[in-house]
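Student: got a sequence here, can you model it:
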Amino acid sequence: MTLPARMRFGIFLAPFHRVGENPTLGFERNLELIQWLDRLGYDEAWIGEHHSAGWETIASPELFIATAAERTRHIKLGTGVVSLPYHHPLMVANRIVQLDHLTRGRVLFGVGPGALVTDAIMLGIEPTRQRPMMDESLATIMRLFTDPTPLTYESDWFRLKDATLHLRPFTNPHPPLAVASMESPSGPLAAGRYGAAILSLAVTGGQRGQVDLKKMWAIAEDEAAKHGKTMNRADWRLVVPVHIAETREEAIEDVRRGAANQAYEYGEAALGRKVAWDGPPERLVDHMVQSGGWIVGSPDDLCAAIERFDAATDGFGALLINAHEWANREKILKSYELIARYVMPRYQGSLVGIQDSYRRSVEHSAEISTKRTAALERAHQTFEQREAPTPA
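Tutor: Below is the predicted model:
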């Protein structure tokens, strides 16, 4: 096994809210979930940016993070991700630095080109230009983060004149950077250029089938070497759809309707992503579990999946659950609790001393029992001798 001594756990919160529900209450559920994760000891929560298609309702991850930071104590909060082509890079840099100060270094800076074509169209951006625009913006932001010298730069979509950040980052040299990666090599290339973390969003399959995660990492490492950077597997985060219950059968029944609703009503109807299943919608979850596309089952099933991901990557550092509302509120919160109780400890070293202590006790239980019996007998004898009548 090539996993780190302490693997990190968190969520990737798009979020996904079914059309027809109260959006204000949806925000409150999202905030409640992050507070719950903070109490359970999760490490990270990444918040998305979307502007269309109805389901993913957070337009500003920065605003959401500022609110969540006030309601939590320990969990780190990441932009998952800022769609760089949609914003002036100086404004992005200023917002992230301000969050870095407000959170005392708990903010993580995730970037991407923008996931929804409908967002880009509304902004008048040609979708084929999104990735080059992201690269140009990211280069500018990193320059602003790391060099206080005034920058003058002219692009075909933004301008800077003697630009600097008058508020320098709280975190030295800047908040941790992560780049979203789906199926193309553009994400790993961008990550390699800066030695940044990778947020792998298509771990369990993409439009062209199973993504070769080892190849994606190799692309990032090769690009990093060209730029004098080093990639760190401990920073590699895999984003995976997960729901856990006491048993696999219970978990599958929990999400049978909700998972199908999201797949067909949002993924297929709104985004045009054809569901790779020709059977009845209510059997979709069974198919996805059998094919490994979704991790729906018991804590042991999630542990087995982590071992598979370890083999498929040669080592990664964090598992992010692709947060959804496939089940009711109580079952969703229980799923995260079961992961915290029975999965996280196995991969964070917190059971080593306890298990070793228990093993030693079991191995020497007969000897311990004998000594305990002797000690009790000795105590009784001492008491009896003390209470015995003194001879006349």
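Student: would you map the strands across the stretch 51-200 of the chain?
Tutor: 76-83, 107-112, 151-154, 159-163, 177-181, 197-200 (DSSP state E, counting those that start in this stretch).
Student: could you export those to JSON lines, including columns for mean neighbour count and distance to Q381?
Tutor: For glycine as for every other residue, the C-beta is placed from the backbone atoms N, C-alpha and C. Converted to JSON lines, those look like this (neighbours: other C-beta atoms under 10 Å; distance: least, C-beta to C-beta, whole Å):
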{"stretch": "strand 76-83", "mean neighbour count": "27", "distance to Q381": "60"}
{"stretch": "strand 107-112", "mean neighbour count": "28", "distance to Q381": "65"}
{"stretch": "strand 151-154", "mean neighbour count": "12", "distance to Q381": "86"}
{"stretch": "strand 159-163", "mean neighbour count": "13", "distance to Q381": "87"}
{"stretch": "strand 177-181", "mean neighbour count": "26", "distance to Q381": "68"}
{"stretch": "strand 197-200", "mean neighbour count": "26", "distance to Q381": "66"}
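Student: now render these as TSV, adding mean pLDDT and distance to M91.
Tutor: TSV is the format used below for these (pLDDT from 0 to 100; distance: least, C-beta to C-beta, whole Å):
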stretch	mean pLDDT	distance to M91
strand 76-83	98	10
strand 107-112	98	14
strand 151-154	98	14
strand 159-163	98	11
strand 177-181	97	17
strand 197-200	98	22
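Student: closest one to Y336 among the ones you listed?
Tutor: Nearest to Y336, of all these, is strand 76-83, at 16.3 Å by C-beta to C-beta.
Student: okay, the angle between that closest one and strand 177-181?
Tutor: Here the directions of strand 76-83 and strand 177-181 differ by 50 degrees (axes from the mean of the first three to the mean of the last three C-alpha atoms, to 10 degrees).
Student: which strands and helices sit next to strand 76-83?
Tutor: Under the contact criterion of 3 or more C-beta pairs under 8 Å, 6 or more residues apart in numbering; DSSP states H and E, strand 76-83 touches strand 8-13, strand 44-47, helix 61-71, helix 89-102, strand 107-112, strand 177-181.
Student: quick one: closest of the strands of the stretch 51-200 of the chain to F9.
Tutor: Per C-beta to C-beta, nearest to F9 of the strands of the stretch 51-200 of the chain: strand 76-83, 11.6 Å.
Student: who touches the closest one?
Tutor: Residues from elsewhere that reach strand 76-83, judged by C-beta atoms under 8 Å, 6 or more residues apart in numbering: 10, 12-13, 34, 43-49, 61-62, 65, 68-69, 92, 96, 103, 106-115, 119, 134, 178-180, 199.
Student: rewinding a little: okay, the strands of the stretch 51-200 of the chain in JSON lines with distance to V242 next?
Tutor: JSON lines is the format used below for the strands of the stretch 51-200 of the chain (distance: least, C-beta to C-beta, whole Å):
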{"stretch": "strand 76-83", "distance to V242": "16"}
{"stretch": "strand 107-112", "distance to V242": "19"}
{"stretch": "strand 151-154", "distance to V242": "42"}
{"stretch": "strand 159-163", "distance to V242": "42"}
{"stretch": "strand 177-181", "distance to V242": "19"}
{"stretch": "strand 197-200", "distance to V242": "15"}
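Student: ok, the residue nearest to D43 when sequence neighbours are not counted to L40 distance?
Tutor: Excluding its sequence neighbours, the residue lying closest to D43 (C-beta to C-beta, 6 or more residues apart in numbering) is R8, at 4.0 Å. Distance of R8 to L40, given as C-beta to C-beta, to the nearest Å: 13 Å.
Student: same check on A197?
Tutor: A197 is 23 Å from L40, by C-beta to C-beta.
Student: flag every buried residue along the longest helix seen in the chain.
Tutor: Ranked by residue count under DSSP state H, the longest helix found in the chain is helix 365-387. For helix 365-387, a neighbour-count test (16 or more other C-beta atoms under 10 Å) marks nothing as buried.
Student: equivalent analysis for stretch 218-235, please.
Tutor: 218-221, 223-224, 229, 231, 233-235.
Student: list just the nearest of the residues you listed to E337.
Tutor: A234 (25.6 Å).
Student: in this structure the closest one contacts A5, no?
Tutor: No. Counting by C-beta atoms under 8 Å, A234 stays clear of A5, with 9.5 Å between them.
Student: which residues are common contacts for these two?
Tutor: By C-beta under 8 Å, 6+ apart, no residue touches both A234 and A5.
Student: sorry, back to before: identify the residues contacting the residue nearest to D43.
Tutor: Here R8 is in contact with 43-44, 237, 317-319 (C-beta under 8 Å, 6+ apart).
Student: just the pLDDT for E136.
Tutor: On pLDDT, E136 comes in at 98.
Student: oh, I was asking about R208
Tutor: 56.
Student: tell me the mean pLDDT for stretch 272-280?
Tutor: Computed over stretch 272-280, the average pLDDT equals 94.
Student: grab the nearest non-local neighbour of D254.
Tutor: A327 (4.2 Å).
Student: sorry, that was for E282
Tutor: Nearest to E282 is R256, by C-beta to C-beta, 6+ apart, at 5.7 Å.
Student: which other helices and strands contact the helix or strand encompassing the one you found?
Tutor: Assessed by DSSP states H and E, R256 sits inside helix 248-261. On a contact count with 3+ C-beta pairs under 8 Å, 6+ apart, helix 248-261 meets strand 242-244, helix 284-291, strand 295-297.
Student: then it to PDB, C-alphas only?
Tutor: The C-alpha coordinates for helix 248-261 follow below in PDB (Å, rounded to 0.1, in the frame of the first residue of the first chain):
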ATOM      1  CA  ARG A 248     -24.600  -2.500   1.500                       C
ATOM      2  CA  GLU A 249     -28.300  -3.500   1.100                       C
ATOM      3  CA  GLU A 250     -29.400  -0.600   3.300                       C
ATOM      4  CA  ALA A 251     -27.100   1.900   1.500                       C
ATOM      5  CA  ILE A 252     -28.400   1.000  -1.900                       C
ATOM      6  CA  GLU A 253     -32.000   1.300  -0.800                       C
ATOM      7  CA  ASP A 254     -31.200   4.700   0.800                       C
ATOM      8  CA  VAL A 255     -30.200   6.200  -2.600                       C
ATOM      9  CA  ARG A 256     -32.200   4.200  -5.100                       C
ATOM     10  CA  ARG A 257     -34.500   7.100  -6.000                       C
ATOM     11  CA  GLY A 258     -32.300  10.100  -5.300                       C
ATOM     12  CA  ALA A 259     -29.300   9.000  -7.300                       C
ATOM     13  CA  ALA A 260     -31.500   8.200 -10.300                       C
ATOM     14  CA  ASN A 261     -33.100  11.600 -10.100                       C
END
